[in-house]
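Student: Sequence and computational prediction follow.
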Amino acid sequence: MELAFHVRDLKQEISEHILIRHLRSFYPENVPADFGCSSEKIYRLYIGDEFCFHRLPSLKEIREFSRFSQNHTAGLTFLTPPMTDRHLEKCAPLFACLENDCPGAEVVTNDPGVLWHVRKKYPGLRLAAGRLFNKGFKDPRFVWPWDDASMSESMQNALNESTFRHRTFLEHLSSINVRRIEQDILPYGSGISRGLSDMGVSVYFPFGVVTTGRLCQAESRKGKGREKFLIREDCLRPCTHQVLELVHERFQFRLFQNGNTIYYLYPAAVLNTVFTSVEGSFRLVYQGFAL
């Protein structure tokens with residue numbers, strides 16, 4: 001098993017010990033004492049963002065992450081969001097820097113256009129399919145019956161259904177040189193996709209993604225009238241210091257909003273699935289440092 005940390009900058013203290021302390025603030029009784037990894041070694045860093053272009057690192061930051069990766073023999077994975085052609089042009093120096101300065105770096109794409117662009121222009125980068133490719137049922141209002149025996153087979157299948165469970169889709173990804181799939185554990189599901197034999201599998205915790213969009217509520221609050229509903233090219237990134245918890249009597253698990261994205265905190269039983277079913281070549285990606 002490989003352990004990875006999603007971080008925003010190199011000023012953050014990164015270690016397995018800090019990770020466990022973070023988790024225990026959410027799950028006082030459901031966190032292992034350790035992950036079987038050396039707390040002295042950083043196995044892999046995840047940088048960038050899956051959902052918002054404005055949260056991508058600058059070229060200077062990419063170079064700093066690349067140097068850090070090389071000096072600590074840590075792998076480096078660059079998360080990218082859905083992007084317009086203009087965004088792709090602005091990202092060209094970032095992709096080029098990674099390809100030249102950090103051999104073996106991964107790029108996680110969440111947009112077919114970005115995937116094909118990186119595959120064509122930057123063949124030295126490894127490709128991974130991000131969480132937005134993997135569709136599944138995550139509605140927080142669903143009333144869980146808590147009795148699997150009373151649930152029909154069709155209902156169980158619906159709650160476990162996801163894009164990465166379809167072999168045809170995985171074979172297509174493999175045919176275009178995608179070598180890893182990145183996923184959440186569905187809140188009502190009972191497991192994860194194992195991918196294909198030639199694919200790596202990454203599982204994020206302790207947050208999964210409910211939904212996202214290009215319009216950012218946090219940034220649009222300062223607008224007036226119609227400006228609240230326009231997609232802005234400039235952004236002061238209030239999400240870097242603002243995380244909101246969304247509360248409603250019908251929610252079956254805790255929800256948090258950060259920028260343009262709503263996350264769910266894994267229920268304790270789902271978190272335990274992470275610790276018991278992820279093994280071997282799987283990668284665990286801790287996202288708590290990035291929110």
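Tutor: Perfect, thanks for sending it.
Student: From now on I want contacts and neighbour counts done on CA atoms only, so please keep to that.
Tutor: Fine.
Student: low-scoring stretches of this structure, by residue?
Tutor: 30, 32-42, 144-150, 219-232, 278-280 (pLDDT under 70).
Student: ok, which stretches of it are strands?
Tutor: 2-6, 44-48, 75-79, 106-109, 126-129, 178-183, 200-205, 207-212, 244-246, 255-258, 261-265, 283-286 (DSSP state E).
Student: State the distance from residue 181 to residue 286.
Tutor: Using CA to CA, to the nearest Å, residue 181 is found at 16 Å from residue 286.
Student: For those two, indicate the residue with more neighbours.
Tutor: Legend: neighbour count by other CA atoms under 10 Å for residue 181 and residue 286, higher for residue 181 (26 against 22).
Student: okay but the more buried one is in contact with residue 200, surely?
Tutor: Yes: under the criterion of CA atoms under 8 Å, residue 181 is in contact with residue 200, at a separation of 6.4 Å.
Student: So which residues of the chain form helices?
Tutor: With DSSP state H applied, the chain shows helices at 16-26, 59-71, 85-101, 112-121, 153-160, 167-175, 217-220, 268-277, listed in chain order.
Student: residues touching the closest residue to residue 190 other than its chain neighbours, list them.
Tutor: Here the nearest residue to residue 190 in space, its sequence neighbours aside, is residue 160; by CA to CA, 6 or more residues apart in numbering that works out to 6.6 Å. For residue 160, the contacting residues are 136, 137, 186, 188, 189, 190, 191, by CA atoms under 8 Å, 6 or more residues apart in numbering.
Student: ok, the last one touching residue 184?
Tutor: No: using CA under 8 Å, residue 191 is not in contact with residue 184; the gap is 9.9 Å.
Student: So those two - more neighbours on which side?
Tutor: Between residue 191 and residue 184, residue 184 has the larger neighbour count (other CA under 10 Å), namely 25 against 16.
Student: hey, what's residue 78 bridged with?
Tutor: residue 47, residue 107 (DSSP bridges).
Student: Could I get the contacting residues of it?
Tutor: Neighbouring residues of residue 78 by CA under 8 Å, 6+ apart: 46, 47, 48, 49, 105, 106, 107, 108.
Student: now do 6 Å
Tutor: Each residue near residue 78 by CA atoms under 6 Å, 6 or more residues apart in numbering is listed here: 46, 47, 48, 107.
Student: dump the residue contacts of the third one.
Tutor: Looking back up the chat, that one is residue 48. Applying CA under 6 Å, 6+ apart to residue 48 gives the contacts 56, 57, 78, 79.
Student: Distance to residue 290 for these - can I get that in TSV?
Tutor: Shown next, in TSV, are the contacts of residue 48 (distance: CA to CA, whole Å):
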residue	distance to residue 290
56	12
57	13
78	13
79	12
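Student: I'm done for today, thanks for sticking with me.
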